[in-house]
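Chemist: sequence and predicted model, in that order:
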Amino acid sequence: MRFFVDNNLSPKLAHGMAAFGEDVTHLQDHYPADAKDTDWLPRIGRDEWILLTRDDRVRFKPAELGAIKQHRVGAFYLGGKERSRWELIQQVVRNWPRMNELAEKTARPFAFRVPPQGAAIDRLTL
């Protein structure tokens, strides 16, 4: 599974995970920082990358939701507000094995919410 981290998370998170051997890339490795979601969602769907983001509002924007569905994007939304970078890192690391398992077994398009604490990853309606 290859994961695509958008601008709602730091490129350092993606690059750090890649340095540990995980197949993770960041939006800014492929697109300008100000690229619109509808610019890159088709590619990650086509290339079968899995989206990792904090922006769950994308599910409620018609153009973005349409792109997620049309291009069969799989997405994980990190839940919680006002999270420090260490809390975000812990959240990702704690849930990483389960996220990979769900990404492998779930038909696309899909969306899951990764909790700020605990390990109960919830499926979201698209």
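Modeler: Great, that's in hand.
Chemist: which element is the residue nearest the centre of the chain on?
Modeler: Nearest residue to the geometric centre of the chain (C-alpha atoms, centre = their mean): residue 52, 1.2 Å. Secondary-structure assignment from DSSP states H and E places residue 52 in strand 49-53.
Chemist: packing partners of the following helix or strand past that strand?
Modeler: As assigned by DSSP H and E, the chain's next helix or strand after strand 49-53 is helix 62-70. If you count contacts as 3 or more C-beta pairs under 8 Å, 6 or more residues apart in numbering; DSSP states H and E, helix 62-70 packs onto helix 37-46. In this view, the C-beta of every residue, glycine as well, is placed from N, C-alpha and C.
Chemist: what residues are up against residue 35?
Modeler: Residue 35 makes contact with residue 27, according to C-beta atoms under 8 Å, 6 or more residues apart in numbering.
Chemist: many thanks, have a good one.
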